[in-house]
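A.B. asks: Here is a sequence together with a model predicted from it:
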Amino acid sequence: MKKLVFATNNQHKTVEIRAALEGKYEVLNLEDIGCLVDIPETADTFEGNATLKSSYVAEHFNLDCFADDSGLEVDALNNEPGVYSARYSGSRDNLENIQLVLTKLEGNPNRKARFKTVISLMQGGKNHIFEGTIEGTIRTTLSGSKGFGYDPIFQPDGYDITFAEMDMAEKNKISHRAIALKKMLDFLRGES
C-alpha cells in the first residue's frame, strides 16, 4: 500500500482521514515521520496555510505530503472565524471558540454558514490544490458529543442533526474534508 504523509498533529483529523482512506493509502502524520516542529500557519487564506505545511514536509523530509486547512465561515460575521477558526477566542479551546461565535450571533436571524477545507498535495515538487465546502446553519445551542471543533453547533443543509450527532462514517460521506479528499483521491487515481 502506498504511503502518504498528512501534515498534521491533530489526532482527530488523523483518525478521520485514515478512516476515509482506509484500504487505499497508509496515512502517516507528522509524529509518525518524526517531525516535531509546529509548522506555523501564518497565511491569511486556507490555501496559503495548507501549502505552508505541505511544502515544509516535502522540503525537509523529501516526502510527498498533503496538508489541509479548514475552518468555519459564518455569513453574518463577515465569514469569521475563517482561517482563525482553531484560535478564534484567542485560545485553542473548542468550547471558548464556539461560545464566541454564539455570543456574536445572539439575536441574529442569519445563521447561514459553511465549513471549508483546502488540501495542498505536494507531489513530485508540484503543488495541487483541492477544495471542499459544505453549507449549513449555526444552531443556537450545542448538540451532540461526537466530532470536534464547531461540530456541535453546525447543522449541514438537508439534515436535522449537527456534525457532532453524526457517526464518523456518516460525517465522512458529506463533510467539507471528505469532499476535498475525494477530489484529491480522484486526482491520485488518475496519476497511477
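C.D. replies: Here it is on my side, so go on. Residues are numbered from 1 along each chain as shown.
A.B. asks: lowest confidence element among the helices and strands of this protein?
C.D. replies: When the helices and strands of the chain are scored by mean pLDDT, DSSP states H and E, helix 11-21 comes last with a mean of 83.
A.B. asks: Against which helices or strands is the helix or strand following that helix packed?
C.D. replies: Following helix 11-21 in sequence order, the next helix or strand is strand 25-29 (DSSP states H and E). Secondary-structure packing of strand 25-29 (3 or more Cβ pairs under 8 Å, 6 or more residues apart in numbering; DSSP states H and E): strand 2-6, helix 11-21. Backbone N, C-alpha and C define where each C-beta goes, glycine included.
A.B. asks: where does the spatially closest residue to Arg87 that is not a sequence neighbour fall, helix, sheet strand or coil?
C.D. replies: Closest residue to Arg87 apart from its sequence neighbours, by Cβ to Cβ, 6 or more residues apart in numbering: Asn97 at 7.5 Å. Secondary structure state of Asn97, per DSSP: H, G, I helix; E, B strand; the rest coil, is helix.
A.B. asks: Spatially nearest residue to the residue nearest the centre of the chain, not counting backbone neighbours?
C.D. replies: For the chain, the residue sitting closest to the mean C-alpha position, by Cα atoms, centre = their mean, is Ser70 at 3.7 Å. Using Cβ to Cβ, 6+ apart and skipping the chain neighbours, the partner closest in space to Ser70 is Thr117 (4.2 Å).
A.B. asks: Report the strands that pair with the helix or strand containing the one you found, each with its relative direction.
C.D. replies: For Thr117, the element it lies in under DSSP H and E is strand 112-123. The strands that strand 112-123 pairs with in its sheet are strand 65-74 (antiparallel), strand 126-138 (antiparallel) (by DSSP bridges).
A.B. asks: Mind listing what's buried along it?
C.D. replies: Buried residues in strand 112-123, counted by 16 or more other Cβ atoms under 10 Å: Ala113, Arg114, Phe115, Lys116, Thr117, Val118, Ile119, Ser120, Leu121, Met122, Gln123.
A.B. asks: do the same with stretch 90-110
C.D. replies: Asn94, Asn97, Ile98, Leu100, Val101, Leu105.
A.B. asks: residues in contact with the first one?
C.D. replies: By Cβ atoms under 8 Å, 6 or more residues apart in numbering, the contact set of Asn94 is Phe148, Gly149, Tyr150.
A.B. asks: same thing with the fifth one?
C.D. replies: With contact taken as Cβ under 8 Å, 6+ apart, Val101 is in contact with Leu72, Val74, Leu77, Pro81, Tyr88, Ile138, Tyr150, Ile153.
A.B. asks: Could you check the pLDDT of the residue nearest to His128 when sequence neighbours are not counted?
C.D. replies: Distances taken as Cβ to Cβ, 6+ apart place Leu121 nearest to His128, at 4.5 Å, with adjacent residues excluded. What the model reports for Leu121 is a pLDDT of 97.
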